[in-house]
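Participant: kindly generate the corresponding structure for this input.
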Amino acid sequence: MGLPFFDKPTRGGIAKAECAMVLAYSSVGKTSLALNWIVNNPHIPTMFFSLEMSWRLVVARLAAIHTGTPTWELEALAKGAAMPPHLVDTANRYPLLYGNDASEQTVKDMKADIIAGGQKLGRPIRLVVIDYLELIGGAGLLGKGEQVDKAAQKIRSLCKDTDTSVVVLHQVGKGDDSEGHKPLAIDSGKYGGHHPMDYVIGAYAPRLDRKLDERALKDVEDDIYLQLLKNRGGKAQPKGVRHHLSSVTGRLNLPGDVPQCGSFAFQPSLTTPARPAPDLGDAA
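Facilitator: Numbers count the residues shown, from 1 in each chain. Below you'll find the predicted structure:
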């Protein structure tokens, strides 16, 4: 995953036919975490199932992380007809990334897409990201613990049957009761789902504490703590490791590290005029 808190205790990260779950409250940054792992592995054939957010907005977030451009500027441009150079640069950097934002997908649907994606690439999909567990198969999963557990077990089978590494994002609560700023436990996920997983990662952000005043909030606004709550192959690290998740670009790194970005390198604003999408002919 390109993150020492996970890669070191797991002896190199997630392997084929292994699955990991990411637990966090709403607004902590689950999707941004997943996109950072993709940014750290551009050479790996990847399928991203976005069951909630449109693929256009997912790509805008990815481009913000890659190019160091403010997320909101790219999201605004992504809604228009022009193709900003930041998105072109990102597309060229991640040619092995496939996205599917169809709603109400089942695990069976995902398996078919993973196989089809590998056939189009001419090489198997290696990493699968599912955003997020409660929306698999539609809204019927919401509020039903037994179905969530069943979906998690199907994901376990999916990663074995397709020989992929699967990362599934899992909601914790609604984030409307001043939660999200405290360390999580392995069973914090709404309605369970953690039992079939090889790894469980928890994430919490101190900025979600509603008791913070303006000055205290500014000190922690980009802090996020990542916990390794379950490590099937070794020791867990439930205490959590502080990371920096930029509120501007969504880039994740350890405090003090200098992020490695694409050719645009942390522009404060978009000064380059957008250009039309390139003519890709049949490839489009």
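
Participant: show residues contacting the longest helix anywhere in the chain.
Facilitator: Of all the elements of type helix in the chain, the one with the most residues (DSSP state H) is helix 145-162. The contact list for helix 145-162 (CB atoms under 8 Å, 6 or more residues apart in numbering) reads 17-19, 21, 107, 110-111, 114-115, 124-125, 128, 130, 133-134, 136-137, 140-141, 164-166, 168, 190-197. The way it works is simple: take the backbone N, C-alpha and C, and place the C-beta from them, glycine included.

Participant: in it, what's buried?
Facilitator: Neighbour counts over helix 145-162 (16 or more other CB atoms under 10 Å) mark 147-152, 154-156, 158-159, 162 as buried.

Participant: in a helix, L229, correct?
Facilitator: No: with DSSP: H, G, I helix; E, B strand; the rest coil as the criterion, L229 is strand rather than part of a helix.

Participant: can you read off the pLDDT for it?
Facilitator: Confidence per residue is given as pLDDT, and for L229 that number is 96.

Participant: show me what contacts it?
Facilitator: The contact partners of L229, by CB under 8 Å, 6+ apart, come to 23, 184-186, 194, 200-202, 236, 238.

Participant: return the member of the residues you listed nearest to L62.
Facilitator: Distance to L62, by CB to CB, is smallest for I201 among those, at 19.7 Å.

Participant: the closest one: neighbour count?
Facilitator: For I201, the neighbour count with other CB atoms under 10 Å is 26.

Participant: buried subset of the contacts of helix 145-162, written for PyMOL?
Facilitator: Buried members of the contacts of helix 145-162, defined by 16+ other CB under 10 Å, are picked up in PyMOL with:
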select buried, resi 17+18+19+21+107+110+111+114+125+128+130+133+134+136+137+141+164+165+166+168+190+191+193+194+196+197
